[in-house]
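In: give me a 3D structure for the following:
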Amino acid sequence: MKRNTTKKLLLLSLIFVAFLVTNNPVKAQFLSSSDSAFKAGTPNSGRLWGYAFGDYAYKGHADSLSRGGSNQYTGIPQTRTTFQFRRIYLGYDYNISKKFSAELLLAAEDNFPAGNPPSSSSPSGDELLNNKLTFYIKLMNIRWKNIWKGTDLVVGQVGTPAFPAITEKVWSYRSVERTIADIRRTPSYDMGAALQGTFDPSTKNFGYDLMLANGSSAKPEGDNFKWLYGDIYAYVADKKLVFDLYADYERLNWTPTWHHARSMVKGFIAFNSSATEKSMNPGSGFTIGVEGFVNNLKNDLFAAKIAGGTDTLTNAASGLSMYIHGDIVPDKLRFFARLDIYNPMNKVDNNTYSGYKGNTGNYNDNSYASAAGDETYKQTFITAGLDFKPTARVHFMPNIWYNAYSSQLANSNKDHDMVFRITFFYAFGKNYDNGGF
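Out: Predicted structure coming up:
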């Protein structure tokens, strides 16, 4: 069923694009791919765009317990080599009028370990039953511009306030790895309604992004609880310095005996040397950034007591990401390096409890091996590499990908995954560099 639906979706999309290009020869030159006409808000104008990134990767070392279920290399055997697309985007943006615009984005993303799905008999990630990669609808929304001065209303499947608009763009290397909040699968897009605005429309130095959505990304809503997102930001020093504060909240289960919820608070600060009064430019000069979060998981952790019985605890997962990237040869060669530290739980007490089970996805251990039932392990992620740009919107990036695991239980077990990669990225029809959300 999914296979037939996907084929129909792709066929209809191609027919729609072909119709736009061929229906009116005069308008076709900008209906299909004019970035400048679309940005100007010209009615009945649009742009076809896309990008892709992937790697040639070699697994130099494999964690003995297959931990780190949220990363793309969990469970991949040592010495495995692979050519792999990790993302393919095909998008179309359209100005209905000066006040209204629409956005469509099809995505094919490998969000499970390449060649090692949980079960060869069932689909995983964005794969069909035969394990081939397929497109899905990631974004589909309508934007009402300046519903009041400086604020747009966006309805449909929309990029969330979590990280796509600022923190991921300043990190600038989504083609290498997700931001630290994205690694834990805080939604980058969701079905709902958002207000995106600035407090100073003339300079756009101070702004906000509020959203109410399902909390299920591209999947249909499965409960009555909604995800509330909020973000405020400030650019100072001619936009060279940015401050960003994000928070969200969602109830997960709410019964008389179990009030289960999650709420994240995340802060971000970054400096970009090439910024001007118009905007930051993290693709040139040098950029340094720090991002950290605490996710409070109310009544989320079941802890097995040594003396017998189980306690339900409120847990707090935390993460800190620090990175730097900059020019070696301007417009040709850059470097990047990043360090992440992640702690899944702050309630480990080896004198009282013998084991723990988390109840919120991506904050518990969803590895393909059970890791001996241990969900307490901390993670340290490191990546570093070079970015060679032979021309605009084309990048080749040799890099290392390293993730270490360290249990907080008394029988501490330390190990790591190490991958050596040559990552490639290219884009067309839109000024993307190194991959957005």
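
In: so Asp182 sits against Trp171, correct?
Out: No. Counting by C-beta atoms under 8 Å, Asp182 sits too far from Trp171 to count as a contact (9.6 Å). No exception for glycine: its C-beta is placed from N, CA and C like everyone else's.

In: more neighbours: which of those two?
Out: Neighbours per residue, other C-beta atoms under 10 Å: of Asp182 and Trp171, the larger number sits with Trp171, 27 against 20.

In: could you find the closest non-adjacent residue to the more buried one?
Out: Spatial nearest neighbour of Trp171, excluding adjacent residues (C-beta to C-beta, 6 or more residues apart in numbering): Thr179 at 5.7 Å.

In: what sits against that neighbour?
Out: Contact analysis of Thr179 by C-beta atoms under 8 Å, 6 or more residues apart in numbering lists Phe163, Thr167, Glu168, Trp171, Glu291, Ser321.

In: which of these tops the neighbour count?
Out: That'd be Phe163 among the contacts of Thr179, by other C-beta under 10 Å, with 29 neighbours.

In: doesn't Glu168 belong to a strand?
Out: No. Per DSSP: H, G, I helix; E, B strand; the rest coil, Glu168 lies outside any strand segment and is helix.

In: same list (the contacts of Thr179) but as CSV, adding distance to Val154.
Out: Formatted as CSV, the contacts of Thr179 follow (distance: C-beta to C-beta, whole Å):
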residue, distance to Val154
Phe163, 17
Thr167, 19
Glu168, 18
Trp171, 23
Glu291, 24
Ser321, 27
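
In: closest one to Gln196 out of the residues you listed, please.
Out: Phe163 (14.4 Å; C-beta to C-beta).

In: and the helices in the stretch 151-300 of the chain?
Out: Along the stretch 151-300 of the chain, counting by DSSP state H, counting those that start in this stretch, helices occupy 167-171, 180-183.

In: surely Val158 meets Ala194?
Out: Yes. Between Val158 and Ala194 there is a contact at 5.0 Å, judged by C-beta under 8 Å.

In: residue ranges with poor pLDDT in the stretch 301-437 of the chain?
Out: Counting by pLDDT under 70, the stretch 301-437 of the chain has low-confidence residues at 365-373, 433-437.

In: show me the strands in it, by range?
Out: 310-329, 333-343, 353-358, 378-391, 394-406, 414-428 (DSSP state E, counting those that start in this stretch).

In: now the strands for the stretch 101-250 of the chain?
Out: Under DSSP E, counting those that start in this stretch, the stretch 101-250 of the chain gives strands at 136-148, 151-159, 189-198, 206-213, 227-236, 241-255.

In: if Phe381 is in a bridge, with which residues?
Out: Asp340, Asn403 (DSSP bridges).

In: so it versus Gly319, what's the distance?
Out: 9 Å (C-beta to C-beta, to the nearest Å).

In: what sits in contact with each of those two?
Out: Ile183, Asp340, Ile341, Tyr342.

In: can you check the pLDDT for the spatially most central residue of the chain?
Out: Taking C-alpha atoms, centre = their mean, the centroid of the chain lies closest to Asp182, which sits 4.1 Å from it. Listed pLDDT for Asp182 reads 94.

In: now do it against Ser188, distance only.
Out: Where Ser188 is concerned, Asp182 sits at a distance of 6 Å (C-beta to C-beta).

In: Gln408 contacts Tyr356, doesn't it?
Out: No. Judged on C-beta under 8 Å, Gln408 makes no contact with Tyr356 at a distance of 9.1 Å.

In: between the two, which contacts overlap?
Out: Joint contacts of Gln408 and Tyr356 (C-beta under 8 Å, 6+ apart) are Met345, Val348, Thr376.

In: return the member of these nearest to Ala37.
Out: Nearest to Ala37 out of the shared contacts of Gln408 and Tyr356 is Met345 (C-beta to C-beta; 51.5 Å).

In: kindly list the main-chain dihedrals of that closest one?
Out: Backbone geometry at Met345, expressed as degrees, to the nearest 10, gives phi -160, psi 140.

In: not counting sequence-adjacent ones, nearest residue to it?
Out: Asn315 (4.9 Å).

In: just checking, Gln78 touches Ser64?
Out: No. Assessed by C-beta under 8 Å, Gln78 is found out of contact with Ser64, at 9.8 Å.

In: and of the strands of the stretch 101-250 of the chain, who's closest to Ala404?
Out: Closest approach to Ala404 among the strands of the stretch 101-250 of the chain (C-beta to C-beta): strand 241-255, 26.9 Å.

In: who does the closest one pair up with?
Out: Strand pairing for strand 241-255, determined by DSSP bridges: strand 227-236 (antiparallel), strand 258-272 (antiparallel).

In: buried ones in the longest one?
Out: Under the neighbour-count criterion of 16 or more other C-beta atoms under 10 Å, strand 258-272 has His260, Ala261, Arg262, Met264, Lys266, Phe268, Ala270, Phe271, Asn272 buried.

In: show me what the second one is bridged to.
Out: Going back to what we said before, that points to Ala261. Arg251, Lys298.

In: Leu153 now?
Out: When bridges are called by DSSP bridges, Leu153 pairs up with Trp144, Leu195.

In: ok, now how distant is it from Asn281?
Out: On the measure of C-beta to C-beta, Leu153 and Asn281 end up 29 Å apart.

In: do Tyr208 as well
Out: Taking C-beta to C-beta, one finds Tyr208 at 23 Å from Asn281.

In: what does Asn399 give?
Out: Following C-beta to C-beta, the distance that separates Asn399 from Asn281 is 22 Å.

In: these two: which has the busier surroundings?
Out: In this view Asn399 and Asn281 are compared by other C-beta under 10 Å, and Asn399 has more residues nearby, 22 against 17.

In: just give the nearest non-adjacent residue to the more buried one, would you?
Out: Gly385 (2.7 Å).

In: give the full set of residues in contact with the one you found.
Out: Counted by C-beta under 8 Å, 6+ apart, Gly385 has contacts Val176, Phe335, Phe336, Ala337, Met397, Pro398, Asn399, Ile400, Arg421, Thr423.

In: 10 Å - rerun?
Out: By C-beta atoms under 10 Å, 6 or more residues apart in numbering, the contact set of Gly385 is 173, 176, 325, 334-338, 397-401, 420-423.
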